[in-house]
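J.: Pasted the sequence and its predicted model underneath.
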Amino acid sequence: MSLTLYFHPLASFCWKVLIASYENDTPFEPHIVDLGDDTSRAAFEKIWPIGKFPVLRDEARDQTIPESSIIIEYLAQHYPGKTQLVPADADLARESRLRDRFYDLYVDVPMQKIVTDKLRPAGKNDPHGVEQAKSLLQTAVGMIDQDMETNAWAMGDAFSMADCAAAPALFYANLVMPFGDTHKHAAAYLGRLKERPSFARVVKEAQPYFALFPG
Ligand SMILES: N[C@@H](CCC(=O)N[C@@H](CS)C(=O)NCC(=O)O)C(=O)O
């Protein structure tokens, strides 16, 4: 098998790539990285010294690709399948990248800020940063709610890389700041994402690890 994915089954940015792979039945060897284990972390940092996952290794093309969005672009280019993750039209492709960035930077990142603050040592919390993250997340979910009044997916009618970013970001955002009662269209979109077989599979595979989530 040519592709190896370095990831963790609970990590939201890893979920993006898992969804993209499952959308197109792209075969890969899963390699779970445990950043809490010194040996696993050291081995992973030899591959990508930044130490953040996911990272894809493609032996056939002798390429190591970090960054979830770049991995999805790589898969779309070199291992395409039935779901066109990046639209062929240049304007639509740029728009899908914008939406991917939006979900990463304004939903996933603030959601992670709220979650990881709970893991900080006593006395090292960042309440101001968490408040800022909550406010940003609230704004972003409001924008998504408006968008989803008329759209089925992040780009309209077609599922794309932007939905791969949206699914984990909204899934976890809804756990830390539930929006089902206040943002019906965003909640309905999350419902559609959860029913998508690729994402349903990712969530199912993560079930054994959910106890590790700092709820
Ligand atoms: N921009 C990166 C973000 C990757 C990222 O932040 N991954 C998290 C897991 S979701 C991680 O590796 N966290 C471990 C750490 O920061 O030590 C991407 O899109 O892949």
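T.: Structure's in. What do you need?
J.: Determine how far the last residue of stretch 143-152 lies from the first.
T.: End-to-end distance for stretch 143-152: 15 Å, by C-alpha to C-alpha, to the nearest Å.
J.: What lies in contact with it?
T.: With contacts defined as C-beta atoms under 8 Å, 6 or more residues apart in numbering, stretch 143-152 is touched by 107, 154, 157, 166, 170, 179, 183-186, 188-189, 192. Backbone N, C-alpha and C define where each C-beta goes, glycine included.
J.: now for those residues, which pair is the farthest apart?
T.: Asp157 and Phe179 (23.6 Å; C-beta to C-beta).
J.: Please say which of the two ends up with more neighbours.
T.: Using other C-beta atoms under 10 Å, the more surrounded residue of Asp157 and Phe179 is Phe179, with 19 against 7.
J.: Setting aside sequence neighbours, what's the nearest residue to the more buried one?
T.: Val141 (5.1 Å; C-beta to C-beta, 6 or more residues apart in numbering).
J.: just to revisit the earlier point, any of the contacts of stretch 143-152 buried? List them.
T.: Among the contacts of stretch 143-152, those classed as buried by 16 or more other C-beta atoms under 10 Å are Val107, Ala154, Ala166, Leu170, Phe179, His183, Ala186, Tyr189.
J.: so the nearest residue to the first one once chain neighbours are set aside is in which element?
T.: In this case it means Val107. Nearest residue to Val107, sequence neighbours excluded (C-beta to C-beta, 6+ apart): Ala169, at 3.8 Å. Using DSSP states H and E, Ala169 sits within helix 161-176.
J.: do Phe179 as well
T.: For Phe179, there is no host helix or strand (DSSP H and E).
J.: so it sits right up against Ala187, yeah?
T.: Yes - here Phe179 lies in contact with Ala187, judged by C-beta atoms under 8 Å, at a distance of 6.1 Å.
J.: avg pLDDT for the helix holding Ala169?
T.: Helix 161-176 shows a mean pLDDT of 98.
J.: Mind listing what's buried along it?
T.: For helix 161-176, using 16+ other C-beta under 10 Å, the buried residues are 161-174, 176.
J.: That helix and the ligand, are they touching?
T.: No - Helix 161-176 stays clear of the ligand (C-beta under 6 Å from any ligand atom), getting no nearer than 8.1 Å.
J.: Can you spell out which helices and strands pack onto the helix or strand following that helix?
T.: Next in sequence after helix 161-176, counting helices and strands by DSSP H and E, comes helix 184-195. On a contact count with 3 or more C-beta pairs under 8 Å, 6 or more residues apart in numbering; DSSP states H and E, helix 184-195 meets helix 127-147, helix 161-176, helix 197-206.
J.: Good, wrapping up.
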